[in-house]
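Participant: Got a sequence here, can you model it:
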Amino acid sequence: MGERGLKAGDVLHLTRDASPQFTRPIWVRVIRELPDRHTYDGWLWFEAYELGSAGRAVAKRELFVRREGVRRLATSPTLAARRQPRPERTAVNA
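Facilitator: Numbers count the residues shown, from 1 in each chain. The predicted structure follows:
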């Protein structure tokens, strides 16, 4: 994950490298890091939305993971595929 902390909106892939609880890898979107929680060196708590196969939030979770095991992506492939440009707004003459 590097030295940069988690930011709201980061999309992460969590596997057993992040924590033994992830026997089945999951995708999550970060809500916020929880720095006030006391933890072991190299571990962190954060809130996130677990993402389903369509890239939408299916559950809100609080997660405890190893920093080195977190894999950050700029954006999820399913989320990028759904984005479409917004039409330009034009002024309406009255």
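Participant: Just to check, residue 12 is in contact with residue 31?
Facilitator: No: look at residue 12 against residue 31 with CB atoms under 8 Å: they stay out of range, at 11.6 Å. Backbone N, C-alpha and C define where each C-beta goes, glycine included.
Participant: Please say which of the two ends up with more neighbours.
Facilitator: The neighbour count for residue 12 versus residue 31, taken as other CB atoms under 10 Å, is higher for residue 12 (22 against 18).
Participant: For that one, list the residues it contacts.
Facilitator: 6, 27-30, 48, 70-73 (CB atoms under 8 Å, 6 or more residues apart in numbering).
Participant: One more: residue 62?
Facilitator: Residue 62 makes contact with 34, 45-47 under the criterion CB under 8 Å, 6+ apart.
Participant: quick one on the thing from earlier: pull up the overlap in contacts between residue 12 and residue 31.
Facilitator: Common neighbours of residue 12 and residue 31 (CB under 8 Å, 6+ apart) are residue 48.
Participant: Tell me where the model's unsure across this protein.
Facilitator: 1-4, 74-94 (pLDDT under 70).
Participant: Quick check: chain neighbours aside, which residue is closest to residue 23?
Facilitator: The shortest distance from residue 23 to any non-neighbouring residue, by CB to CB, 6 or more residues apart in numbering, is to residue 16 (6.7 Å).
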